[in-house]
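Enquirer: My questions are about this predicted structure, shown below with the sequence.
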Amino acid sequence: MNNDIQEKINQLSMLEQNMQNFSLQKQQFQSQLLEIESAEKEIEEAKESFKIIGSIMVSMDREHLKKELKEKREILQVRIESFEKQENKLKEKAENLQKEVLSGMNKGDKEE
């Protein structure tokens, strides 16, 4: 195997690791998003609302808390979309590299 193909294989391996990292981070954001959406539903039905700050729970104006949760939800949605775009770019790059590696390996087999 020539050095060019080996280099591309190494790049492909790094891309796959990056995609796994992006996927894990995206899952964490999605989990946080689900928690926020659940909290938003609970606030609608609750008579009182509270916010946990550090290790204490503080009573908070319901409308203010709803606004905070909405802002957090919007930020998480933007982050998730960003991760999805980056994941797609990495997948595309990995697919192209994989094609180049396979093509290079097939050429190498024919030359032997």
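Expert: Yes, it's here. Values in this document were obtained by computation on a predicted structure and should not be read as measured data.
Enquirer: CA only for contacts and neighbour counts going forward, please
Expert: Will do.
Enquirer: tell me the contacts of the most centrally placed residue in the chain?
Expert: Of all residues in the chain, the one closest to the mean position by CA atoms, centre = their mean is Lys26, 2.2 Å from it. Lys26 makes contacts with 80, 83-84, as judged by CA atoms under 8 Å, 6 or more residues apart in numbering.
Enquirer: The same query, at a cut-off of 6 Å, please.
Expert: The contact partners of Lys26, taken as CA atoms under 6 Å, 6 or more residues apart in numbering, are Ile80.
Enquirer: State the distance from it to Met14.
Expert: Distance, Lys26 to Met14, by CA to CA, to the nearest Å: 18 Å.
Enquirer: repeat for Glu7
Expert: Taking CA to CA, one finds Glu7 at 11 Å from Met14.
Enquirer: picking that back up, element containing the residue nearest to the centre of the chain, please.
Expert: helix 3-45 (DSSP states H and E).
Enquirer: Report the distance from that helix to the chain centre.
Expert: 3 Å (CA atoms, centre = their mean, to the nearest Å).
Enquirer: now swap in stretch 50-68 and tell me
Expert: 27 Å.
Enquirer: Can you get me the start-to-end distance on it?
Expert: 12 Å.
Enquirer: Can you point out the buried residues in it?
Expert: 62, 65-66 (16 or more other CA atoms under 10 Å).
Enquirer: before we move on, what about stretch 72-83?
Expert: Within stretch 72-83, the residues that qualify as buried are 73, 76, 79-80, 83, counting by 16+ other CA under 10 Å.
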